[in-house]
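Build me a model:
(2 chains)
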Amino acid sequence: MWRYLSRSITRTLCDAHNVNAVQACGVKHIPPPPSYDNVEFPERVRLRFLEKVPQYPGNMRPPKMMKNLKFMRGPETLHNTLLHKQYGIIALGGGRLRWGHIEMIRLGIIRKLTSDRIFAIWRIDPPWQPVTKKGQGQRMGGGKGAIDHYVTPVKAGRVIVEVGGYCEFEEVKRALKLIVHNLPFKAQAVTHQMLLDKEINEKKLEKENKNPYTFKYIVQNNLGGCHNWISPVDKRWFGKHL
Amino acid sequence: MSSLTQALLQVRWQPSIQFVRYRRINIQKPRPPHYVRKLVLHVCEPQYEKPKKSIQELCLRPVFLTKKQKVEENPFQTLLARDLVNWCEKSNCIYIFQQNSITGPDIFKAKVLFKRQQMALQKYDRPTMEEAFSSNDKYKALLPLIVGSPLSLAFGSEPQVSTVLKICRKVPELILLAGIFDNRLLSRSEMMEYTYFPNLQTAQAQLVSVLNSAATQLVQNMNQHQQTLVGHLEKHVELKSEDK
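Presented below is the predicted three-dimensional model:
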C-alpha cells in the first residue's frame, strides 16, 4: 500500500484567528504511459553532415554574392512549423548560421540523444551564402574581397532542427536548451503544443487589448504624420520586425 | 477645364526638403528607437483589464486556496472507494476510530485483536473516503468526520462495544469516535447506552407492562386486603396441621 501513497500534502483550514495544518495523504495516480502510435521515423535517423563549402561544377568560379540582409529580415512564412509535430528549435530572431554553429548543433544532438529511440532532421540548408572579407589592414577599394566563409541566413520563426521519436520533451529539453544557448541569434526549444498555444495566446492578447491605438493602426492611418519617419518595412510588419 | 489649368498654373511649386537617412540595420543589435518613435510605441503599448476580484477574495483568503485544484480521475482511488462502500453495506456495525501515528508491528497487533473478534480493521485515505461517502446519500453524514486526522474503520457483524473499548485500551493510538449500528450514526456515549439496550422482544414486553401498570396497580390495591387475609389464613392452616 505504501507504494501507492503519494507525497503528503498539507491542507490548511484557514480561520480568521488560527490556522491548523493537517497532513493528508492520497492514493498516487499512476497514469498509463504515453502512446507513440503516430510517430513516423524518417529514413535517416541521425543528423547528416552538412558541408562547410558548397560544391560547384568544376569549371565554375565560386560566385560572390551581395550581403542580402533581406534573407535575415522579417518573419519566416514557410518553414515555421514542425513537420513531425514533436520537438524542435525555433529561431526567435534573424541571423546567420556558420558551419561551426551547424557542427555544434549536430554533435550536440548526436552525443546527447540516443538514436535508437530519438531521431533528428535538419530544417535548414547547408551554408550557401558566401561572406567575403578583405585582408587585415587593407584599405578601401581594390574590388570586392575574397570569399572567407559560407553561411545560412535564418529569419525569425524559422525551424532550425527537428527532434522526435519515442521520447518526451523532458528528455530532449536539456540537449536542445544547451544548443539554443550557443546559437548566434535568439532561439527557443519548443514542442508542437507550445507553438499552437503561442498562436492562440497571441490572438487572445490581440482581442483583449483595450488600447484602441496599436502601431498597426497608426501606420495604416498615417497618424501623426508617421509616414515621414517610419521604415518601409513598418508598412509591412508594423513594428514587429526590424 | 480651362479654369483647372489656370488654377494649376497659379499654384507655385515650392521645393521641399526632406531628410531621409537609411542606415543599414543590424539584426543582432537593433538601434534604439528615435524619441518620436519611442513615444508612439509607448502610446501603443497594449492595455488589459485587471481581473475582477472583490477585496474580500483578495485579502481574506490565502492565495493558494483560490487556485483551482486539478481534479484528476484516479481509477485506483475509484476502486478503493467502491470497495469501502461494499464493506459498509456488508457489515452491520461500523466503528470509526481516529488513528494516530502508530508503528507497523503495533497496528498489526491491533488488527489481530480485531480479527479475533471477527472484525476487520481498515484504514482509508481522505480523498478515497470523500469519494466513497459523497457517492452514497446514506453516508453523507460522515463527510464532516473525514476532515482531520486519518480515520480507521472496523467492520463487524454484531455490536460489541465493550470488547472494542478493551482493544482501544490496549492500543492507545486508536480512539473510538463514533459508530454505525443499524444504519444509525451513534456517538461514543450513545454506543455505550446501546449495549445496555435489551432485545426487541424484551423491550416490547417492558412496554406492555408499562402500559398495563396502571390497571395492574389498581387491581393490586383492590385485592391487597383480601390477599393478606388469604395469606394469613393459609399460614394458620399450616400451623394447625403441623401441631396435629
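
What's the biggest helix in chain A, counting residues?
For chain A, the helix with the greatest residue count under DSSP state H is helix A:192-208.

That one near chain B at all?
Yes. For helix A:192-208, a contact with chain B is found by CB under 8 Å from any CB of the partner chain, at A:205, A:208. Using the backbone N, CA and C atoms, a C-beta is placed for each residue, glycine as well.

Flag every buried residue along stretch A:83-93.
Under the neighbour-count criterion of 16 or more other CB atoms under 10 Å in any protein chain shown, stretch A:83-93 has A:84-91, A:93 buried.

same check, this time on stretch A:94-105
Within stretch A:94-105, the residues scored as buried using 16+ other CB under 10 Å are A:94-99, A:101-102, A:104-105.

cool, and stretch A:40-50?
By neighbour count on 16+ other CB under 10 Å, the buried set for stretch A:40-50 is A:47, A:50.

For it, which outside residues touch it?
A:84, A:99, A:102, A:105-106, A:109-110, A:115, A:119-122, A:126-127, A:161, A:165 (CB atoms under 8 Å, 6 or more residues apart in numbering or on different chains).

mean confidence score for stretch B:178-197?
Averaging pLDDT along stretch B:178-197 yields 88.

Give me the contacts around it.
Against stretch B:178-197 from outside (CB under 8 Å, 6+ apart): B:88, B:92-96, B:138, B:141-142, B:145, B:159, B:161-162, B:176-177, B:203.

Tell me the secondary structure at the residue sitting nearest the centre point of chain B.
By CA atoms, centre = their mean, the mean C-alpha position of chain B lies nearest to residue B:143, the distance being 2.2 Å. Classification of residue B:143 using DSSP: H, G, I helix; E, B strand; the rest coil returns helix.

residues contacting it?
B:130, B:133-134.

of these, closest to chain A?
Chain A lies nearest to residue B:130 out of those, by CB to the nearest CB, at 9.8 Å.

That closest one: how many residues sit nearby?
Using other CB atoms under 10 Å in any protein chain shown, residue B:130 has 18 neighbouring residues.

Residue B:147 is in contact with that one, correct?
No. Contact between residue B:130 and residue B:147 fails when scored by CB atoms under 8 Å: they sit 9.4 Å apart.

What is the helix or strand hosting residue B:226 packed up against?
In the assignment (DSSP states H and E), residue B:226 maps to helix B:200-243. Helices and strands touching helix B:200-243, by 3 or more CB pairs under 8 Å, 6 or more residues apart in numbering or on different chains; DSSP states H and E: there are none.

quick one on the thing from earlier: quick check, pLDDT for the residue nearest to the centre of chain B.
Note on residue B:143: pLDDT of 90.

if we can go back for a sec, give me the buried entries from the contacts of stretch A:40-50.
Buried, going by 16+ other CB under 10 Å: A:84, A:99, A:102, A:105-106, A:109, A:119-122, A:126-127, A:161, A:165, out of the contacts of stretch A:40-50.

can you give me the helices in chain B?
Taking DSSP H as the test, the helices found in chain B are B:2-10, B:35-43, B:55-59, B:63-66, B:75-90, B:104-116, B:126-135, B:143-146, B:161-170, B:188-195, B:200-243.

where does the residue nearest to the centre of chain B sit relative to residue B:78, distance-wise?
Distance check for residue B:143 against residue B:78: by CB to CB, to the nearest Å, it reads 17 Å.

what do you get for residue A:111?
45 Å.

higher neighbour count, these two?
Comparing residue A:111 with residue B:78 by other CB under 10 Å, the one with more neighbours is residue B:78, at 15 against 8.

residue contacts, the more buried one?
For residue B:78, the contacting residues are residue B:131, by CB under 8 Å, 6+ apart.

now swap in residue B:217 and tell me
Here residue B:217 is in contact with no residue (CB under 8 Å, 6+ apart).

Which pLDDT value does the model give it?
95.

same thing with the one 3 residues further on?
On the pLDDT scale, residue B:220 is placed at 95.

do the same with residue B:101
87.

Pull the number of nearby residues for it.
Neighbours of residue B:101 under the rule other CB under 10 Å: 9.

Could you report the separation of the closest residue to it other than its chain neighbours from chain A?
Closest residue to residue B:101 in three dimensions, ignoring its sequence neighbours and counting by CB to CB, 6 or more residues apart in numbering or on different chains: residue B:173, at 7.0 Å. For residue B:173, the distance to chain A equals 15 Å [CB to the nearest CB, to the nearest Å].

Find the helix or strand that the residue nearest the centre of chain A is a member of.
Chain A has residue A:90 as the residue nearest its centroid, 1.1 Å off, counting by CA atoms, centre = their mean. Following DSSP H and E, one finds residue A:90 within strand A:87-91.

neighbouring strands for that strand, and are they parallel or not?
strand A:159-165 (antiparallel), strand A:187-191 (antiparallel) (DSSP bridges).

State the mean pLDDT of it.
98.

what is the orientation angle of that strand with helix A:192-208?
Here strand A:87-91 runs at an angle of 50 degrees relative to helix A:192-208 (axes from the mean of the first three to the mean of the last three CA atoms, to 10 degrees).

quick one: low-confidence parts of chain B?
For chain B, the stretches with pLDDT under 70 are B:1-22, B:61-71.

which parts of it sit against chain A?
So chain B meets chain A at B:18, B:24-25, B:27-28, B:30, B:34, B:36-37, B:40-41, B:43-49, B:60-62, B:65, B:72, B:74, B:76-77, B:80, B:125-128, B:147-150 (CB under 8 Å from any CB).

Among those residues, name the buried ones.
Buried among the residues of chain B next to chain A by 16+ other CB under 10 Å: B:27, B:37, B:40, B:44, B:74, B:77, B:80, B:125-128, B:149-150.

burial of the nearest residue to residue B:156 once chain neighbours are set aside, as a residue count?
Nearest non-adjacent residue to residue B:156, counting by CB to CB, 6+ apart: residue B:119, 3.9 Å away. A count of neighbours around residue B:119, defined by other CB under 10 Å, yields 22.

Please apply the same query to residue A:79.
Count around residue A:79 with other CB under 10 Å applied: 15.

still on that earlier bit, touching, the residue nearest to residue B:101 and residue B:102? I think so.
Yes. The criterion here is CB under 8 Å, and residue B:173 meets it with residue B:102 at 4.1 Å.

What ranges does chain A have for its strands?
Using DSSP state E, the strands of chain A run over A:9-14, A:19-24, A:87-91, A:95-98, A:118-122, A:129-133, A:146-154, A:159-165, A:187-191.

would you list those in a markdown table and tack on distance to residue A:217?
Formatted as a markdown table, the strands of chain A follow (distance: least, CB to CB, whole Å):
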| stretch | distance to residue A:217 |
| --- | --- |
| strand A:9-14 | 47 |
| strand A:19-24 | 51 |
| strand A:87-91 | 28 |
| strand A:95-98 | 30 |
| strand A:118-122 | 40 |
| strand A:129-133 | 37 |
| strand A:146-154 | 30 |
| strand A:159-165 | 31 |
| strand A:187-191 | 29 |
